[in-house]
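**Q** Got a predicted model here, sequence first, then my questions.
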Amino acid sequence: AYTATISSEDEVEFYGEILSGLRIMILGAPLQHAFQNLGNKLPSHDTSAATKAQTGSVIKLPLVCPNSTNAHNGSHNTCHVAQFVERVTIVFGVVVLDDTERALAHVFLQSFADKSNSGNDASLLCDFRRPVQGPPSDIDVGDCQIYDNVTKESLVGYLCLTFFENVSKERQDRAVGLVVSFFSYLEYHITASKSYVQRRMREKETLFLKALACATTF
């Protein structure tokens, strides 16, 4: 066992970076392995392996937002990595219980997909799928389907990231870190958007009350 005594803010930042790196290495190991095998061709005589490569080898990553304001959301979120010969597909199943936060999450995920596809990068395809559409049909994600009545109504949709074999090594490494922290990233944007909307509503309320106070009764 390793024990360290933290006595300054610099040490807090130093050890924080170490722990964050370890989390990415451990949780992102299956995705890193999938990227390493991307583009590997299978022998023609290996029928079982070839069939598996066509249907995809699916792994579930145990990703939960550690700082979520609503821990129940994180317990239902899912992330699956499907490894094919020519691509790696990541499927996020996003569940948000609060109605307002669910609407904000829907807008954010749709904008995220549109922005990701707006460039000329042919190594990445991003797609946001509504609950009625389900995850990609060629990927057997198993329990990525939400059957519980409560969580089924709270399902925002599926965000699908597909990396093709021409993706650079630098982008692979960056993608691993982003995937591991995706739900924390989403939680941050939902909270920030909700706070912004509430602040604007309070400002409008203040202006409205001032207008009423200055109004002249005829």
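**A** Alright, I've got the coordinates.

**Q** what pLDDT, on average, does the longest helix seen in the chain get?
**A** For the chain, the longest helix by residue count, based on DSSP state H, is helix 182-214. The average pLDDT within helix 182-214 is 86.

**Q** hang on, residue 89 is in a helix, isn't it?
**A** No: using DSSP: H, G, I helix; E, B strand; the rest coil, the secondary structure at residue 89 is strand, not a helix.

**Q** Check which residues of stretch 172-186 are buried.
**A** The neighbour-count check on stretch 172-186 (16 or more other CB atoms under 10 Å) flags 172, 175, 176, 177, 179, 180, 181, 182, 183, 184, 186 as buried. No exception for glycine: its C-beta is placed from N, CA and C like everyone else's.

**Q** CA atoms only: put that stretch into CSV for me.
**A** Provided in CSV are the C-alpha atoms of stretch 172-186 (Å, rounded to 0.1, in the frame of the first residue of the first chain):
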residue,chain,number,x,y,z
GLN,A,172,-7.4,7.5,-30.2
ASP,A,173,-5.7,8.4,-27.0
ARG,A,174,-7.7,11.6,-26.7
ALA,A,175,-11.0,9.6,-27.3
VAL,A,176,-10.2,7.2,-24.5
GLY,A,177,-10.0,10.0,-22.0
LEU,A,178,-13.1,11.7,-23.3
VAL,A,179,-15.2,8.5,-23.3
VAL,A,180,-14.3,7.7,-19.7
SER,A,181,-15.3,11.2,-18.6
PHE,A,182,-18.3,11.5,-20.9
PHE,A,183,-21.1,11.3,-18.3
SER,A,184,-19.3,13.8,-16.1
TYR,A,185,-19.0,16.1,-19.1
LEU,A,186,-22.7,15.7,-19.9
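
**Q** picking up where we left off before, farthest pair within the buried residues of stretch 172-186?
**A** Largest separation among the buried residues of stretch 172-186 by CB to CB: 172 and 186, giving 21.4 Å.

**Q** just to revisit the earlier point, quick one: list the elements packing against the longest helix of the chain.
**A** Counting contacts by 3 or more CB pairs under 8 Å, 6 or more residues apart in numbering; DSSP states H and E, helix 182-214 packs against strand 87-95, helix 99-116.

**Q** Specify the angle between that helix and helix 99-116 in degrees.
**A** Note on geometry: by axes from the mean of the first three to the mean of the last three CA atoms, to 10 degrees, helix 182-214 and helix 99-116 are set 120 degrees apart in direction.

**Q** Now render the helices and strands packed on helix 182-214 as JSON lines, adding mean neighbour count.
**A** Converted to JSON lines, the helices and strands packed on helix 182-214 look like this (neighbours: other CB atoms under 10 Å):
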{"stretch": "strand 87-95", "mean neighbour count": "23"}
{"stretch": "helix 99-116", "mean neighbour count": "16"}
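
**Q** on that earlier part again, quick one: the buried residues of stretch 172-186 as CSV, columns for distance to residue 89 too.
**A** Below are the buried residues of stretch 172-186 laid out as CSV (distance: CB to CB, whole Å):
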residue, distance to residue 89
172, 14
175, 12
176, 15
177, 18
179, 12
180, 17
181, 19
182, 14
183, 18
184, 22
186, 19
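
**Q** Done for today, thanks.
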